[in-house]
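Peer 1: sequence plus the predicted model coming up.
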Amino acid sequence: MKRNTALRLAGIATAGIVLATTAGCSAGGGDDGGAVTLNYWLWDDAQLPAYQQCADDFAKANPDITVKISQYGWGEYWTNLATQIAAGSAPDVWVDQPSYYPQFVADKQIEDLQPYIDEDPDAVDFDAYVPGIADIYQIDGARYGLPKDWDTIGLVINKQAATDAGIDEATLQNLTWNPDDGGTFEEVIAKLTVDKAGKHGDEPGFDKNNVAVYGFLPEWADGSQGQNLWGNLAQSNGFTYSDKNPFGTSFNYDDPKLVDTIEWIAGLADKGYAPRFDQQSTLSRLEVLQGGSAAMTSIGSFNQLMFKDTADQWIWAALPEGPEGRKSAINGLSDAMYAGGKHKDQAWEWIKYLASPECQSVVGATGVVFPANAEASDASVAARAELGLDASVFLSYAQETDGTFLIPINYHGTEMAQIVQDAIQSVALGTNDAQTALSDANAKVNALFE
Amino acid sequence: MTQLELQRPSRRLLPAARTAGARMPRPRGDGRVALFFIAPVLVGFAIFYLYPTVRGLWWSFTDYSLLAEPEFVGLDNYAQVLGDAEFWNAMWVTLCYVVLNVGSQTVIALLLAALMHRLTRSVVLRTTLLLPWLVPNVTVGLVWLWLLDTNLGFVNRTIDAMGLDKIGFFTNPAFAIPTISGINTWAFVGYTALLFYAGMLQIPQDTYEAASIDGAGELRTFFRITLPLLRPILALVLVVSLIGSFQIFDTVAVTTKGGPVNASRVIYYYIYQQAFTYFHMGYAATMAILLVLILGVLTFIQLRLLRASESQLA
Amino acid sequence: MTVSATLPAVQLDEPAPAPRVRRRAGRGFSIGRTLGWIVLVVALVGTLFPFYWMIKSALTPAADIVADAGRLWPTNPTIVNFARVLGLLSAEETRAAGGSGASINFALYLWNSIVYSALIGFFQTLFCAMGGYAFARLRFWGREGHFGILIAALMVPGIFTLLPNFVLVRDLDLLNTVWGMVAPSLLMTPFALFFLRQFFLNIPKDVEEAAQIDGAGKIRIFWRVVLPMAQGPLITIGLITVVWAWKDYLWPLLIGRDESVRTVTVALGVYLQQSPNTQPDWTGLMAASTLSVVPVALLLIFLGRRIVESLNFTGIK
């Protein structure tokens, strides 16, 4: 019995060591005799199929390089990236956003692509892009990403709900807003809200504690940019994020213009037009909208395709016009290269391909986003039109003076996002008043830059 | 720490066959052999406990971003941590969690153990109650995240069907920590109950028989006899539960990620964020050290309070 | 490495024979007993219901998740979710069944978890047994002092050593490897060392002494005589270590992100993050969760009695 046990133990030990050695060997990007696997991260699962197509096409043209795409949801994307950078094993290429990339520059974790472009002058045709997109990622002659796509924000309204509330399309296309009485925007929201007894939000006897359909769904998980809602409204109210953009170092989050905006949005829940913050579920706003429990919300152009199966049930409108005009944030994503990557030349090939008309037209044809390449962008608009989705509202801002503004680009993006989001969410929760919360947050944010 | 001395079984008499003249060889120092035996343990300790402790201590005096060399900053980190409202919030949140968790867990475990001791000795019951303890905390968090979901979760659907307001278990700041604490109580109560049960088995049956002859009811027996005799084990369980409870991370990481706002941002999560999201490793190390000190003090206080009551079994 | 809320659990003697509960003459039913039983049944149901719900949701097709949210059994039970998370379906099929199209392979992650737990369970128990024996039985310079220092580490919460250990493993270039993951726990934990020493302190010396008289060396005594005697506690500590390693999350999250070494716990967290942007992929998550429960449930079924009966103290002074 003892002998058997000892033998058994020895056997297990040997097996264990063998296992560990073989398992250990298989980690890391396979690199056997020229074949390279690149890791590519993105956050939008809706775009995954389009970029998988690009990856497959790329693999055909470059048989030695395989691109492995990983998708992490927006809420975790930047923290995961940070952890992997700390671990020294970040993906070779990742999808980058203006507000977050300066931190990588400061930490020296992102590769300057300008030398690669200089060596390969025909690689990128900057004229083919929508104007202004490529400049976002340039700092002092260095270029930290090639343009990928652009987006703006609009409104989506349930057509049936609008008809039932007696709201005509013209009103919806010309909404006005101000933080004091909410303008026609609040009127429409009130009308769209219906309580369980069938009363609309603007009718007497409306029971704000028993709402069946909410008039509006605000987005509260919006970092320090408020790209999905509050940033746009605040800007149309005259708010500017910082002393300069890009690379501001002194911020204005305690500006009354922003405070009033946040208070107005939070006030919607108090009036019963929007759901209470502490009763959210795991369903996204767009799911709740499609489920019929709400009638309107703000939406990025990158989400429009979600509605393709029920395209005729929705009205698309531009954001309301505030005291300083109608404004939408314009964002341009890029593909970034990891400075600590082990296969930089291959990564450059992949980035080049992603920015090329070939890949961008594949993406544009699906209509899932507006690629940076101007032709592909038009193709995307056309693809959406064919599905019954009117994308013109997202393009309308370009026609107005200062109709678009760049989302803030600065260092300490991740930390700032947490600070400002916490403050704004505490207002939504009701645990803090807007002025105090934002003043504290602003102090903390400015302290980061000392 | 309470010494666990185990009962010595009676020594067997040496076989009479031992010849009169033979004596035990004089024990030599076992130095070389001992080295062989303790080498792995010593190496493991030195590399993965001692060295990190020293290093962590060093980092707490530096500004270290993980991506560059540490820069000495003296006591700046300590000053900053002590003035950081988020740090104190994290400690407060964790304290609330610990009190709720250890409190509810101990009470329910005692109840279950008493019932298993007096009512039924079923092994199947004990085995089943152990299942949540064996399951990863991440799984526990996910399952409860789903069960308690505001819209789709079974619990809220039942609440809604009863006509009451739905509860945002994870999204309502007043509920976030109690919910997480409840989840972990659910996960650990079976294991804790088994430990108490094992301790109760040590109480001699005669004590109970004497009590029942004297006419004492179950409740009285429990409070007057079982509980006092269980004190040393209770003390040990409480101390270890406290230390373990302070280290809650997995459930928070999976369910609330510190939210809503910072209502469930427990100290481990905050340290993790500072170290791996914001790259303030020195700051994180400082907080870890302060945590060690606070835990040490709490443990000391606890042992002091509980040592006042020695076991009355002897 | 986190110190979980585990407890000393050392079996020495046979557990005390279950005392017969003497019934009072003439007392069959009593309110107290009924209440007691009710509590136990509630506890049992409360323990098992979440697992039942998990399995039920795993068997629900993704499209029915809202409709079936309140039902106790899915209208159209299906195993496609399990096929999805085990990596058996193609990307389109996965997306059609409600997933996000990302590639997941829980079969691999289960295997990684098993390797991780088994390695740590086996080697840590072995080395701590050796160390425990040495501290209990062998004589050498500074024995008590060394032991005291090693045990002081019990007081240190895991996060304090975790941060520098992470940097150490990173600098040694052992990230995303099995060795890097198991390294801190492979050789010892103060907890295992303490209790194995406790056990060795209390076993009768006679057998060892007899063997010594026969001329056996210390090492031989250990392997041939002491270890077999210690099977009970060794297996207990081994099981506890395996369970602890199976549950480990933070350390594998930091060190083992790459798919080839990802454990089930990390994979669950990643999977949650990869849900379609609209809502978490509940059916897939529940299927994956079920997979993480199956191995420990099996452990419980086959070794449950042993685990439960070995959680024992034979006396506290």
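Peer 2: That came through fine.
Peer 1: so C:I114 is in contact with C:P295, correct?
Peer 2: Yes - with contact defined as Cβ atoms under 8 Å, C:I114 and C:P295 form a contacting pair (7.0 Å). Glycine gets a C-beta too; all of them are placed from N, C-alpha and C.
Peer 1: the helices in the stretch 151-300 of chain C, which residues?
Peer 2: Taking DSSP state H, counting those that start in this stretch as the criterion, the stretch 151-300 of chain C carries its helices at C:158-171, C:178-186, C:190-202, C:206-213, C:218-220, C:227-229, C:231-247, C:250-255, C:264-273, C:282-310.
Peer 1: would CSV of the ones you listed with mean pLDDT, mean neighbour count and distance to B:W92 be doable?
Peer 2: Shown next, in CSV, are the helices of the stretch 151-300 of chain C (pLDDT from 0 to 100; neighbours: other Cβ atoms under 10 Å in any protein chain shown; distance: least, Cβ to Cβ, whole Å):
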stretch, mean pLDDT, mean neighbour count, distance to B:W92
helix C:158-171, 90, 22, 18
helix C:178-186, 92, 24, 30
helix C:190-202, 83, 22, 29
helix C:206-213, 78, 16, 53
helix C:218-220, 77, 16, 53
helix C:227-229, 81, 16, 48
helix C:231-247, 88, 22, 27
helix C:250-255, 92, 24, 22
helix C:264-273, 91, 25, 26
helix C:282-310, 87, 20, 31
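Peer 1: so who does the closest residue to chain A within the stretch 201-317 of chain C touch?
Peer 2: For the stretch 201-317 of chain C, the nearest residue to chain A under the criterion Cβ to the nearest Cβ is C:Q273, separated by 4.1 Å. By Cβ atoms under 8 Å, 6 or more residues apart in numbering or on different chains, C:Q273 lies in contact with A:72-73, A:75-76, A:80.
Peer 1: apply 7 Å and report the result again.
Peer 2: Contacts for C:Q273 were tallied using Cβ atoms under 7 Å, 6 or more residues apart in numbering or on different chains; they are A:72-73, A:76.
Peer 1: filter the residues you listed down to the ones in helices?
Peer 2: A:E76 (DSSP state H).
Peer 1: A:N39 - that's part of a strand, no?
Peer 2: Yes - judged by DSSP: H, G, I helix; E, B strand; the rest coil, A:N39 forms part of a strand.
Peer 1: touching, it and A:P91? I think so.
Peer 2: Yes - under the criterion of Cβ atoms under 7 Å, A:N39 is in contact with A:P91, at a separation of 3.8 Å.
Peer 1: chain C contacts on the stretch 51-200 of chain A?
Peer 2: A:70-73, A:76, A:84, A:87-89 (Cβ under 7 Å from any Cβ of the partner chain).
Peer 1: need the max-distance pair from the residues you listed.
Peer 2: The widest separation within these, taken as Cβ to Cβ, falls between A:G73 and A:G88 and amounts to 23.6 Å.
Peer 1: pick the one among the residues of the stretch 51-200 of chain A next to chain C closest to A:K444.
Peer 2: A:E76 (22.8 Å).
Peer 1: in TSV, list the residues of the stretch 51-200 of chain A next to chain C along with neighbour count and distance to C:E259.
Peer 2: Converted to TSV, those look like this (neighbours: other Cβ atoms under 10 Å in any protein chain shown; distance: Cβ to Cβ, whole Å):
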residue	neighbour count	distance to C:E259
A:S70	19	9
A:Q71	25	13
A:Y72	21	13
A:G73	18	18
A:E76	17	17
A:Q84	22	13
A:A87	19	15
A:G88	17	17
A:S89	22	12
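Peer 1: so can I have a markdown table of those residues showing pLDDT?
Peer 2: As requested, those are exported to a markdown table (pLDDT from 0 to 100):
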| residue | pLDDT |
| --- | --- |
| A:S70 | 90 |
| A:Q71 | 89 |
| A:Y72 | 88 |
| A:G73 | 86 |
| A:E76 | 83 |
| A:Q84 | 89 |
| A:A87 | 84 |
| A:G88 | 84 |
| A:S89 | 85 |
